[in-house]
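**Q** Just to be clear, the model below is a prediction. Sequence and coordinates:
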Amino acid sequence: MKIVIIGGGIAGTYLANGIKKNIPDTDVQILSDEAYMPYDRIHLCRLVNDSEMIEDISLTLESSVKINLNQKVTKIDPKAKKVITQSSAFDYDKLIIATGSVPKTLFDTSGIKNAATFRSADDTQKIKEGIKGKEAVIVGAGPIALELLDTLNLMSTIQKITLLVRSRSLYDKTLSPQSINIIESTYLKSGKVRISYEDEIIDKTIHNDEITQIITKKLKIENPFLIFGIGIQPNIDFARDSLECNRGVLTNPKMQTSDTDIYAVGEAAEIKETGFIAGHVKECTLQAEVAIANILGIEERVFKQEISIDMLKVGEFDLVDVKAPAFCQKYEKILMTSDQDQRVDEYYICDDKLTRFVGINSNIDIGYLEKLMKEKEPIDASYLYQNRLHSERGRLICSCEHVYQKDLEEMVKENAISNFQELAAFTQAGRVCGRCKKMVEDVIEASQVLIDPNKPKKSATDIQREKELALVKKRIEKFNRLHPQNQLDSENLSSAMDAFEIGTKELNSWLAMVTATMQLHPEFASLIKEGVSMLNRIPIIWLELADCSGNSEAFIKSAHPAIEDLIFEYISLDYHELLMSAAGEQSESALEHTIRTQKGNYILIVEGAVPLGMEGKFLRIGTKGETGISLLRKCAKDAAMVISVGSCAFDGGVVAAAPNPTGAVGAAEALGQKDIINLPGCPVNPINIVGTLLSYLMFDELPSLDQYNRPLWAYEGRIHDNCERRGHYELGEFVKAWGDEGAKKGWCLFEMGCKGPYANANCPTMKFNLNTSWPVQAGHGCMGCVEKGFFDKLANERKIREEKL
Amino acid sequence: MKKIVIDPITRIEGHLRAEIEIDENNIVQEAYISGQLFRGIETILKNRDPRDAGLLAGRICGVCTNSHFRAAITAVEDAYALELPKNAQIIRDLISLALFLQDHVVHFYHLHLLDYVDVTDALEADPKQTSKLGHQFSERPYANSHAHYISVKEKLQKFVKAGKLGLFANGYWGHKAYKLSPEENLLLLSHYLEALKFQTNISQAIAIFGGKTPHPQTIVVGGITSVADMLNPQRLNDFIFIMKEAKAFIDRAYLPDMKLLVRGYKEEIKQGLGKGAGNFLSVGGYQFDKNHRLFEPGVIFGGDFTAIHPFDARQITENVERAWYDGDDICYTDLNPDGTLKTAGNRDKYSWIKAPRYAQKSMECGPLARILVSYYQGNELIKPFVDSFLKETDLTMEDLHTTIGRNAARAIETAYIAEYLFRFINTLVENIKYYDTATWKQYQFDTLPGESGGKAFLEVPRGVLSHFVEIKNQKIDKYQVIAPTTWNASPKDSSGQRGAYEEALIGLTLQDSQKPLEVLRVLHAFDPCIACAVHVIDAKGKEVGKFKIEQNCLL
């Protein structure tokens, strides 16, 4: 798919990266009318005062995105699916308009040397070059104008600045006089600035492409440098002929325009239903995400207006502006001010609900206010008052991510973050709208002294994993304090390994295999090794009930012979009739001993079904002739965990197949317990037993289980989906009779009643007997032996559909 | 008279109980062998599609895995008179024979050896002498260097240091019945370790054609499914290679070890310990070309080896007087309140295992029966294997009819199979070479007779396995199994005739009644498998609730 994006700003860049991230081989082109690679407009002030170069504020763009600079789009041809620029034409399958807006001016400034807008890198260049020795005149008092005012105010090359304000307000017409006073006073301190309220330009003199004089209602200014900061309008002239437009290009909530293949996002787009036009970076990126999801068919998404947070940070004051979508001009206000602290909290209330908050040097928790707005709770003024100073987290630094100064300091200190780059792994603070980037950088710099120089550096995922590893380690250490059940312990694990002729290479490959099987990060391998050396701390009782010993047999024939033999020797199997040397009374006393002395510590492994018919007397064990169910209850009562291995212990298996002559059930049902881990299979793959034991040892909790209490790591994948013969299924190549040509070629066994599509287990990846084979490889197909009631439903060589007929 | 109860008998498959009565001299006067689990697999098989019998019956046992799977399908094929393609027959035989090798080796080293070898004593061994010892039993003894035994001894020391013996902590170490020298113990234990590898490696060979083991999944009515593996030269080669390695271990370790054991326990053999009634049963099988098969069918009565009677399936009857059945019904009469078997009365029932009889006689089957019958039937292939073993160990055929003799017969049989298994592979390769790649006998299930009956008699590692199926309306109407352990571990019958286990225990002297090592030796020598053994004749799919514990069932 060929996607063309018009606009090389934040929205365009975000779109391109987002598309590439989702579907990397999509052909994505950006058409930008600027001469520069995408940069972050929000930091233009820093180009004006030369604190940064344009490269410093550039945006990261995925390298495979094609970008065409200096391409001013003049027209879209939706029928031909072409975008026409002044010099070229581009084909598209999908087009996204992200052209943002253009600044408003009172007259055309293009030919004039000392008049500029403040919107692009070129603008800053013009300002920088032309402003020296002139009186700066900023028209407008909105956030952009105020920010520029702050920048110019601090520049030594500028001696005089006039702010022409049409109204009586600064920042926003709704602001209270108290707030305006605070803002005003911070600007006036330098003595360079005058603010002329209720004023506007009424005349100007131009000589040699240069304004020599302007006359306002109240003032006459010689030799000015005029900068317009009076607002913006969507940059969509090229689209007016071809698409439905109002102020912006009209879209539905999916960000789709009147042409289904053309989308528009950000400041260029106007949502038809609501008339909403994005004004914040966060809204733009949100719209970009919606457009991506819909274009790539990932999911159907619609844009919903969210609470917006704006900040204006200039030298001496912070202004925070939190606005709910429901905000309208019909409001009442609660004002809390403190002259002493130069603090104002303005609560805009409509129908008992907070719709907007503007705070200057405020200490209130923004997160709380957002919650109030989101949940539309009626506000409690006394509560707001009581909490007006409660912010232990210091100053709000990033309004987008709600990161406060103290949070940031803590983060820097804990993780030894030395610069803004490194912070990315921990928080997006300073990166969402980017407005606070500088502040974030300042905090990082100031907090360097807090860092312990001996502390090694880590990434955020490192730290998360470290936490998990630490937990596991703690747990293993807990076992370390226990007395080993057999005398083989961690200190002589290595001699035991020697005895079994297990080399480091073999051990490592085994550890890697188990780690991968359990879907753990490779770093867990070393802990698994430790875990193995602790396995003999856990006493294990392996109870054979109504069984065929197939699972025990499988266990001793497990995949990696030497290592699992070792584990097998290593596990403290206190009771296992097939293998133990003691018999009769001696074996019974071993069992009693474990149950008595290891209360709550031992693991019970159950193999075989539990016959409940005839008072359980279809199975009797031991010199006293105890019934199977009674012995199971006795052993399960004080077990730390019960694991059912094989299909019989899972649900009765073959023993419970119709007509279930002995009333057999699985262990969980027999015990009436819901926390038993089931490892079905006929027999179970032994690696899944080892994995479950290790997982208990390491995590002290049940692994993630499915509805039948089967560990997801082993029983999540559908056999059909991971099958080596799946390709033949897709091609319609089926074995039609045993031993036919398809069978010789290894085609799909679905027609021969393979139950792979109905069974979930890791057989295709783990296989059996040293990865030698599995039933599908051997040409028979799966009989679903890990599923409930499989002997009555799946254990045959016919398709389910035919079976039902 | 004193009663000793051993339950569970460990290092076997299943739930087996032994109760023996000894006199004041610790001599066994009477023995009761009891299977303690009933599952009712035959009942479950009823009313199912005959083609599904294999997958289900295979689950009778996870140790004799494959044997029941194959027998069930063979019985169904017999009912439908389906003749197998040659290759399918060979692949089935290869899986079965590989199982023989695996089963016998695991039995000897891991389930049985420690009844004869004292692990702790091996630490006293001189490695150099051990190496010399090895040469007494084989021209090319397996891993027999002086240095090897030093390392094995070190390993054992490490095991001991590492608490490895903890696993066998409650073993009967130091028991007076242990007779081998430290060097002999060391040599055998070194092979105990090697055999651990052997059993996992050989299971790969089974998986090549079986898909997996335990519970292979490649046999279907009419043939086998692993045709792609059969046609893959690499897979065949892998199979052959594993078998060659297995054969090397068997020839150079297992068989010589058995000779060593015979020398060490010659006295017990000559005393005739473990001798039974002398009734042996073999159905023979494993034909690999027109004129040759591995085992002959035949029956021996009363230890008279010279008179081999032809095997006749109609001579088989089943007696349930002392088993928990009443005709076709379950009749569970419970245990005594103290948990012991009810054996006071001559007709008291005490086991889930029924008592099959051949010509009214209690029979023994297994490697010894096969060796005796085949040898005396004049099987030329087996003769040199038996003769050379007897010659080298200075034993007679009579001596094999003992507890240790049963193990010797098993070892001879293993070496014999390991030799001739390659003939089966040769035939398979020849077939494939001449474009016979058929692995399935084509049939239309709907056109097969709706009503029929079939049976299968197979020699499997532990002895004679028979499955009987009756089909009505294309469904299984009746199913019946008599497994090797059903014969060997059977209870007494109405005439009071003991089962083979019971008979072999009579007259045994225990050194220490608290540590009945001698009893374990006798029982383990049969390689018990109780899951296989318990089968009803024909329970009619009774509701669970119907089964009641009866004090006295009507006879």
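**A** That came in fine, so what should we check first? Since the model is a prediction, treat every value here as computed from it, not as a measurement.
**Q** Every contact and neighbour count from this point should use C-alpha atoms.
**A** OK.
**Q** Which pLDDT value belongs to the closest residue to chain A within the stretch 1-150 of chain B?
**A** Closest approach between the stretch 1-150 of chain B and chain A, counting by C-alpha to the nearest C-alpha: B:Gly62, at 3.6 Å. What the model reports for B:Gly62 is a pLDDT of 89.
**Q** For it, grab the count of nearby residues.
**A** 28 (other C-alpha atoms under 10 Å in any protein chain shown).
**Q** can you tell me which residues contact the spatially closest residue to it that is not a sequence neighbour?
**A** Closest residue in space to B:Gly62, ignoring its immediate chain neighbours: A:Gly550 at 3.6 Å, by C-alpha to C-alpha, 6 or more residues apart in numbering or on different chains. A:Gly550 makes contact with A:Cys682, A:Pro683, B:Cys61, B:Gly62, B:Val63, B:Thr65, B:Pro214, B:His215 under the criterion C-alpha atoms under 8 Å, 6 or more residues apart in numbering or on different chains.
**Q** Would you mind measuring from the first one to A:Gly608?
**A** Looking back up the chat, that one is A:Cys682. 11 Å (C-alpha to C-alpha, to the nearest Å).
**Q** and for these two, which residues touch both?
**A** Residues touching both A:Cys682 and A:Gly608 (C-alpha under 8 Å, 6+ apart) are A:Gly646, A:Ser647.
**Q** So the two - more neighbours on which side?
**A** Per other C-alpha under 10 Å, whichever of A:Cys682 and A:Gly608 has more neighbours is A:Gly608, with 30 against 24.
**Q** wait, isn't that one in contact with A:Asp651?
**A** No: assessed by C-alpha atoms under 8 Å, A:Gly608 is found out of contact with A:Asp651, at 9.4 Å.
**Q** what do those two both touch?
**A** Shared contacts of A:Gly608 and A:Asp651, defined by C-alpha under 8 Å, 6+ apart, are found at A:Gly666.
**Q** and the closest residue to A:Ser110 other than its chain neighbours, how far is that from A:Phe228?
**A** Sequence neighbours aside, A:Ala116 is the residue nearest to A:Ser110 in space, at 7.9 Å (criterion: C-alpha to C-alpha, 6+ apart). From A:Ala116 across to A:Phe228, the span is 6 Å (C-alpha to C-alpha).
**Q** what sits against the residue nearest to B:Gly302 when sequence neighbours are not counted?
**A** Once flanking residues are discounted, B:Gly302 sits nearest to B:Gly278: 4.6 Å by C-alpha to C-alpha, 6+ apart. For B:Gly278, the contact set (C-alpha under 8 Å, 6+ apart) comprises B:Ile300, B:Phe301, B:Gly302, B:Gly303, B:Asp304, B:Met363, B:Glu364, B:His401.
**Q** from those, which is closest to chain A?
**A** Checking the contacts of B:Gly278 one by one against chain A (C-alpha to the nearest C-alpha), the nearest turns out to be B:Glu364, at 22.7 Å.
**Q** Surely that closest one touches B:Val299?
**A** No: the criterion here is C-alpha under 8 Å, and B:Glu364 misses it with B:Val299 at 9.9 Å.
**Q** what touches both of those two?
**A** What both B:Glu364 and B:Val299 touch, as defined by C-alpha under 8 Å, 6+ apart, is the set B:Asn279, B:Phe280, B:Leu281.
**Q** Can you pull out the residues in contact with the host helix or strand of B:Leu260?
**A** In the assignment (DSSP states H and E), B:Leu260 maps to helix B:255-264. For helix B:255-264, contacts defined as C-alpha under 8 Å, 6+ apart pick out B:137-138, B:141, B:179-180, B:184, B:188, B:269, B:389, B:392-393, B:404, B:407-408, B:411-412, B:415.
**Q** Just the buried ones out of the residues you listed, please.
**A** B:137-138, B:141, B:179-180, B:184, B:188, B:269, B:389, B:393, B:404, B:407-408, B:411-412, B:415 (16 or more other C-alpha atoms under 10 Å in any protein chain shown).
**Q** Tell me the residues on the stretch 301-450 of chain B that lie near chain A, please.
**A** Within the stretch 301-450 of chain B, the positions near chain A by C-alpha under 8 Å from any C-alpha of the partner chain are B:Asp334, B:Leu335, B:Asp338, B:Gly339, B:Thr340, B:Ala438, B:Thr439, B:Trp440.
**Q** Spell out the secondary structure type for the second one.
**A** At B:Leu335, secondary structure determined by DSSP: H, G, I helix; E, B strand; the rest coil is coil.
**Q** Next one: it from A:Leu545, what distance?
**A** 18 Å.
**Q** Those two: which is more packed in?
**A** Each of B:Leu335 and A:Leu545 has its neighbours counted (other C-alpha under 10 Å); A:Leu545 has more, 27 against 19.
**Q** That one reaches A:Gly616, doesn't it?
**A** No: with contact defined as C-alpha under 8 Å, A:Leu545 does not count as touching A:Gly616 (11.0 Å).
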